[in-house]
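1. sequence first, predicted coordinates after that:
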Number of protein chains: 2
Amino acid sequence: MATRETDVIIVGAGISGLTAARYLLKKDPNLQVLVLEAKDRVGGRTLSVNMKCKNGTDTWDLGGQWVGRCQPHIMSLLDELGIETHTQYQTGRKYLQIGPKYTITSYTSDIPTLSLVGLLDLNRLINLTDKLAGEIDPEDPFSCPKAELWDSMTLESFIDSKIWSKDVKDVFRACFRTMLGVEISQVSLLYFLTYVASCGDLKTMVEASEHSAQEYRIKGGSQQVCIKLLEEIGSSRVLFNEPVTCIEQQSDHVIVYSRNGCNYKCQKIILAIPPMQKGRIQFNPILPTHTREIIKRMPPSNILKFVVTFPQDFWREAGSSGEVVSNGGYSDIRGCDVGPLCVVYDGNSSNGEPALVGLTGGLQCVQWQHQSPEDRKSAVIKSLADIFGEKVHTYIEYRDKVWDVEPYNEGAPVSCVSPGAMRYYANGLREPFNRIHFAGTESATVWCGFMNGAVQAGQRAAIEVLYDIRPQLISAHDLSSIKYPRQLLKQKSSRGKKLLKITIGIGVITLIALAVNKMVRSK
Amino acid sequence: MATRETDVIIVGAGISGLTAARYLLKKDPNLQVLVLEAKDRVGGRTLSVNMKCKNGTDTWDLGGQWVGRCQPHIMSLLDELGIETHTQYQTGRKYLQIGPKYTITSYTSDIPTLSLVGLLDLNRLINLTDKLAGEIDPEDPFSCPKAELWDSMTLESFIDSKIWSKDVKDVFRACFRTMLGVEISQVSLLYFLTYVASCGDLKTMVEASEHSAQEYRIKGGSQQVCIKLLEEIGSSRVLFNEPVTCIEQQSDHVIVYSRNGCNYKCQKIILAIPPMQKGRIQFNPILPTHTREIIKRMPPSNILKFVVTFPQDFWREAGSSGEVVSNGGYSDIRGCDVGPLCVVYDGNSSNGEPALVGLTGGLQCVQWQHQSPEDRKSAVIKSLADIFGEKVHTYIEYRDKVWDVEPYNEGAPVSCVSPGAMRYYANGLREPFNRIHFAGTESATVWCGFMNGAVQAGQRAAIEVLYDIRPQLISAHDLSSIKYPRQLLKQKSSRGKKLLKITIGIGVITLIALAVNKMVRSK
């Protein structure tokens, strides 16, 4: 078969790959850029679907959906693409389901209904995490003095050594099952801290409040980002159903082979695919040691997302924000230790169509993906009803997606590093290998694992390529823009920490006052 | 292309795959068995090469090389194939290189030259390991009451919490860098204990003494096992250079596709390949969740093996066994934190041709594989000379092999489990998936990770297949033989432990006596 020649090939039509393509073409519209996508769609780990709802149909996200003002790269891109956002609904009572009895409590402030010990534990753990993360440079996490020690332990060992309250562990576990898609036993503490450092601080990373990572949703669904990027770069530049099987580097060009028997010749190639997917491709010469070491210890995570549409937003009417953090709740399903809930949010569309969305990760996701879609639906509806009441049964449509079985992703939202491999992280994920450059959110240094990271990494890889093949198009500003704005985030981070300390401090005092009050009364 | 039909396909012509083939054909010589091997040779992680030596040339192993009477499956197979063994030379002084100054000391007993605290630490750590391993059933490690806790921590976290002496950590690190090919930070404590449990006890696993795992070597090299197996089953049944890319299960057969465009139809298929290599194959339907979960957290390890031949065995003449355990020693090579030594053994061939063999694993292997073969050779020779003296420079030939870059292995000696995945281990590695059965040493329950495990797992997979397609050929004895002889090993293990306790006990007392004596003298 004839070889198709082009300047740059990008593997993967997710946000990172298409951002790279757009950047290249913005700098040089005459550059020949070709994107090879294994699937039949753009979007990668974003996927927007139409669902039945109160007034007909509307769009919801079964993949990544949140952005926030703290994420500069994705926010600029949305702006440039003319994509609007709407605010994640946050008003009202939140629910917490924890403990061996799966007790459901609710709270209206930022302070979850934990015991005094629990609140102190939570406060201490958050502060300590931010303090340790503050010692890490996301550009080079292994340069930190304690890197080796922190990489020798799991996040769970760290949490176990710092807290007294099992409830706080439940909260942390639920949180990272959905944020990272893993069990806290599965990740390196150093990786976790690096992840937090790339976001600024823990609270900004996990909250849905103003200026945090879950602040906004994308009107019309996040897959639009890739759809608009595709329109802009031109759909003729993207080939679908074209999985790459082999990449051969010669001295002055690269040959790329696809499963369909096609081959392509280019000057440069950008791999914008999840880490372990790189292991599926045969490289000649083989990838450098540090890249092989990091990708083989960065398995894709487990995540399941569900969306349920309703005729009314009865939770809002009842004064709830729709937010739930749960250790799963009781389960009578064989093979499932706990129920299917992990975190739930208000999911009303930007058109006001009522919905709840939820994420279930880690072990819970593994166990619930074994069940039939019908059983999963019943269990989710039942669990939601335990919290929000019988009106949940009036739902219009339920849809879920197990990302673990999505071809060419095999998991989401992010690939986390197992202990003992972080020394290979910075170079292994980012350092170009002759004519091969690496993008993908895992290779980002600002909000890695988020859509923001995908954009940042895509731009960085594009700049690297241009610097080599069109140096005259790259300004000092472009080069500096690929560096991590550490200074900026640090300032933000310390502000956030102070605020949190004050908030929790006030909360603890209030609770002590209430407890004393209660003791006095009960006498 | 036409489809070739057969009864059973085995993927992988290592010890496990070929043992399975032999077992099937022994039970039913009319069964159509076809082995598909991606490489151009049999042997998997065994590889024997000819090297120049004192009296011409002889054969040495660049892969797995040790067996012992404690390993019933491989010993029987060797016997049946008419392959002889010879004893690992063990007489004389051993060397230990540890500490921040890379101090070299020597000792003649079984008790290494550690401080009193170090000896107590070592004794305690060995006893504790055996005690905990004794609580684990290698058939089902996650059934142990503490499974979740032990799987939430790394081996390093465990060691750090139990010892005072950094020297003992050096010894353990060197030991597992070469036994498992990993850093102690990279493995789940529960996996490590399961591994030990599958061997009986720690001392049997790591020692080269009588009845231990490094007791014998195979005359003429271990690759002979596969070469003889190939002769026995007939070379027409093995196709080389035939990497499998896709396995499709239908209701009553399986279709197997190869990279060369061939396809095969069979009733049953046995995968006798390393865990992560399964991830390189496309399955339709996809592999079950527990299999996907375990294989993605079981990366191949890092190992480098070297053999150096000499005109005389000057170490023996000088009263040394040739055995060295080292933390690497000093390095002035950029990118290598320490020197290239980890463990060294006397490697004289069965014909008495003098040689030393060494293994370097984990981080040391990663760092040294970056160096040129020439630089690696110089460094090994220099390090050996630091220990054995200038006669090392009279060497005849040096050869090494970095298993990390071996295609279709990508590492050796074994694939270890990262923390947080052991709940998927037993089912994920062994439970058949419709018409797909799993072999390979990682799926063994007796000496997993060793040649013995490869044999046991291959036999077990073959029995599973026969049980389904030729049940009349399977006896109750066959079925029972695939069960783990727990009782037997337990007895052995407790005997071993007692002996060890007595040995170290005596050692400690002797040392205390010597120390007191010294103190008295110095007064």
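-> Done, it's in.
2. near chain B, which residues of chain A?
-> Neighbours of chain B within chain A, by C-beta under 8 Å from any C-beta of the partner chain: A:148, A:151-154, A:156-157, A:160, A:182-187, A:276, A:279-280, A:286, A:289-290, A:292-293, A:296-297, A:299-300, A:302, A:363, A:366, A:369-370, A:404-405, A:410, A:418-421, A:423-424. For the C-beta atoms, the positions are set from N, CA and C on the backbone; glycine is no exception.
3. count of neighbours near A:W368?
-> 28 (other C-beta atoms under 10 Å in any protein chain shown).
4. surely it is in a helix?
-> Yes - counting by DSSP: H, G, I helix; E, B strand; the rest coil, A:W368 is part of a helix.
5. quick one: the closest residue to it other than its chain neighbours from chain B, how far?
-> Among residues not flanking A:W368 along the chain, A:P340 sits closest, at 4.9 Å (C-beta to C-beta, 6 or more residues apart in numbering or on different chains). A:P340 is 15 Å from chain B, where distance means C-beta to the nearest C-beta, to the nearest Å.
6. cool, and A:P354?
-> Applying C-beta to the nearest C-beta, the value for A:P354 to chain B is 33 Å.
7. and that residue, how many neighbours?
-> Applying other C-beta under 10 Å, we find 24 residues neighbouring A:P354.
8. ok, now which ones touch it?
-> By C-beta atoms under 8 Å, 6 or more residues apart in numbering or on different chains, the contact set of A:P354 is A:53-54, A:309-314, A:316, A:348.
9. what is the most widely separated pair among those residues?
-> Using C-beta to C-beta, those span at most 15.1 Å, a distance reached by A:C53 and A:R316.
10. buried subset of the residues of chain A next to chain B?
-> Among those, those classed as buried by 16 or more other C-beta atoms under 10 Å in any protein chain shown are A:148, A:151-154, A:156-157, A:160, A:182-187, A:276, A:279-280, A:289-290, A:292-293, A:296-297, A:299-300, A:302, A:363, A:366, A:369-370, A:404, A:410, A:418-421, A:423-424.
11. what about those residues, which are in helices?
-> The helices, defined by DSSP state H, take in A:148, A:151, A:156-157, A:160, A:276, A:289-290, A:292-293, A:296, A:363, A:366, A:369 from those.
12. in the stretch 401-523 of chain A, which residue sits nearest chain B?
-> Closest residue of the stretch 401-523 of chain A to chain B, C-beta to the nearest C-beta: A:G420 (3.4 Å).
13. pLDDT at that residue, what is it?
-> Looking at A:G420, its pLDDT is 98.
14. please apply the same query to A:L479.
-> Model confidence at A:L479 (pLDDT) stands at 80.
15. which SSE is it in?
-> For A:L479, the host element (DSSP states H and E) is helix A:476-481.
16. give the other helices and strands that that helix contacts.
-> With contacts taken as 3 or more C-beta pairs under 8 Å, 6 or more residues apart in numbering or on different chains; DSSP states H and E, helix A:476-481 sits against helix A:451-469.
17. which strands and helices sit next to the helix it packs on?
-> Going by 3+ C-beta pairs under 8 Å, 6+ apart, helix A:451-469 lies up against helix A:15-27, helix A:72-81, strand A:268-271, strand A:436-438, helix A:476-481.
18. now that helix: mean pLDDT?
-> 97.
19. next: stretch A:236-247.
-> The predicted model assigns stretch A:236-247 a mean pLDDT of 97.
20. just put the contacts of A:P354 in TSV and tack on pLDDT.
-> Listed next are the contacts of A:P354 as TSV, based on pLDDT from 0 to 100:
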residue	pLDDT
A:C53	98
A:K54	97
A:T309	98
A:F310	98
A:P311	98
A:Q312	98
A:D313	97
A:F314	98
A:R316	98
A:N348	98
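21. can those go into TSV with extra columns for secondary structure, neighbour count and distance to A:V171?
-> Shown next, in TSV, are the contacts of A:P354 (DSSP: H, G, I helix; E, B strand; the rest coil; neighbours: other C-beta atoms under 10 Å in any protein chain shown; distance: C-beta to C-beta, whole Å):
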residue	secondary structure	neighbour count	distance to A:V171
A:C53	strand	23	32
A:K54	coil	18	33
A:T309	strand	24	28
A:F310	coil	24	27
A:P311	coil	14	32
A:Q312	coil	11	30
A:D313	coil	21	26
A:F314	helix	17	26
A:R316	helix	16	24
A:N348	coil	26	25
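22. what's the neighbour count on the residue nearest to A:W368?
-> Neighbour tally, A:P340, other C-beta under 10 Å: 30.
23. so what does it have for phi and psi?
-> Here is the backbone geometry of A:P340 (degrees, to the nearest 10): phi -90, psi 0.
24. got it, and the one 10 residues further on?
-> Dihedral angles of A:S350 (phi, psi; degrees, to the nearest 10) stand at phi -60, psi -20.
25. need the contact list for A:V67.
-> A:74-75, A:78, A:85, A:213, A:215-218, A:222, A:450-452.
26. could you pull up the residues touching A:V325?
-> A:V325 is in contact with A:94-98, A:112, A:171, A:174-175, A:342-343, counting by C-beta under 8 Å, 6+ apart.
27. same list (those) but as JSON lines, adding secondary structure.
-> JSON lines is the format used below for those (three-state DSSP):
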{"residue": "A:K94", "secondary structure": "strand"}
{"residue": "A:Y95", "secondary structure": "strand"}
{"residue": "A:L96", "secondary structure": "strand"}
{"residue": "A:Q97", "secondary structure": "strand"}
{"residue": "A:I98", "secondary structure": "strand"}
{"residue": "A:P112", "secondary structure": "coil"}
{"residue": "A:V171", "secondary structure": "helix"}
{"residue": "A:A174", "secondary structure": "helix"}
{"residue": "A:C175", "secondary structure": "helix"}
{"residue": "A:C342", "secondary structure": "coil"}
{"residue": "A:V343", "secondary structure": "strand"}
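28. wait, what's in contact with the residue in the stretch 1-150 of chain A that chain B sits nearest to?
-> Taking C-beta to the nearest C-beta, chain B has its nearest neighbour within the stretch 1-150 of chain A at A:E148, 7.9 Å off. Listed by C-beta under 8 Å, 6+ apart, the contact set of A:E148 reads A:423, B:185.
29. fine by me, we can end here.
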